[in-house]
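Engineer: Give me coordinates for this.
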Amino acid sequence: IKFLFFAFNVVFWLLGCAILGIGIWLQVSKGSYVTLSTSFNFFSVTFLLICVGTLILLIGFFGCCGSLMENKCLLLVYFILVALTFMLEIVAAVLIFVYRWEINNYLASDLKLGLVSNYKSSDKGEDGLKAGWAYIQSNFNCCGVYNYTDWYEVFDDKPRVPRECCVHNETC
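Structural biologist: Predicted coordinates for the structure are as follows:
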């Protein structure tokens, strides 16, 4: 059971390394990645990935070292970190459930504001925003935040929608 616990924590540690690496990579080389939202900027997403990756990495590290060395102090730290993480997840889940409508309304209006202000002003250097919206609309079969009329505010010259909103792209 000791080696099974160790193997589980190695996988956990590797997952933490991967999440931390992705967060650092996104922070260092933003490239054409931009935000879809105006309130939740790019920095907050990368910061969240770095924090979560670090937490998972630490939990995996304490679990690995504690199981191999059979060190009660490291296992206690491991247990405390796992318990705190579990409690934070429960609190977050309850808060999200209780405030789900407010969160949904806020995010939808914020996405629409981001769509109108950022998509309209994006130039060739910020194709990540357009690619993000194209991916979302193509894969989820949706158009805009609420509906297709959201795009009317983006394209001032005439009411139109991006290709990804059309059922048959050739007709757009």
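
Engineer: Go ahead and flag the most central residue of this protein.
Structural biologist: Against the mean C-alpha coordinate of the chain, by C-alpha atoms, centre = their mean, the closest residue is residue 45 at 6.0 Å.

Engineer: just checking, what packs against the helix or strand encompassing that residue?
Structural biologist: Following DSSP states H and E, one finds residue 45 within helix 42-69. For helix 42-69, the packing partners by 3 or more C-beta pairs under 8 Å, 6 or more residues apart in numbering; DSSP states H and E come out as helix 2-28, helix 72-98. All C-beta spots, glycine's among them, are computed from the backbone N, C-alpha and C.

Engineer: gap between that helix and the chain center?
Structural biologist: Offset of helix 42-69 from its chain centre (C-alpha atoms, centre = their mean, to the nearest Å): 16 Å.

Engineer: What of stretch 142-152?
Structural biologist: In terms of C-alpha atoms, centre = their mean, the centre of stretch 142-152 is found 22 Å from the chain centre.

Engineer: if we can go back for a sec, surely the residue nearest to the centre of the chain meets residue 22?
Structural biologist: No. If you go by C-beta atoms under 8 Å, residue 45 and residue 22 don't touch, sitting 10.5 Å apart.

Engineer: got the domain boundaries for the chain?
Structural biologist: Per automatic domain parsing, the structural domains of the chain span 2-98, 101-171.

Engineer: Can I get those in a markdown table including mean pLDDT?
Structural biologist: Listed next are the domains of the chain as a markdown table, based on pLDDT from 0 to 100:
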| stretch | mean pLDDT |
| --- | --- |
| domain 2-98 | 86 |
| domain 101-171 | 75 |
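
Engineer: coming back round to it: the helices and strands packed on helix 42-69: which one's closest to residue 138?
Structural biologist: With distances scored as C-beta to C-beta, the stretch of those nearest to residue 138 is helix 2-28 (22.4 Å).
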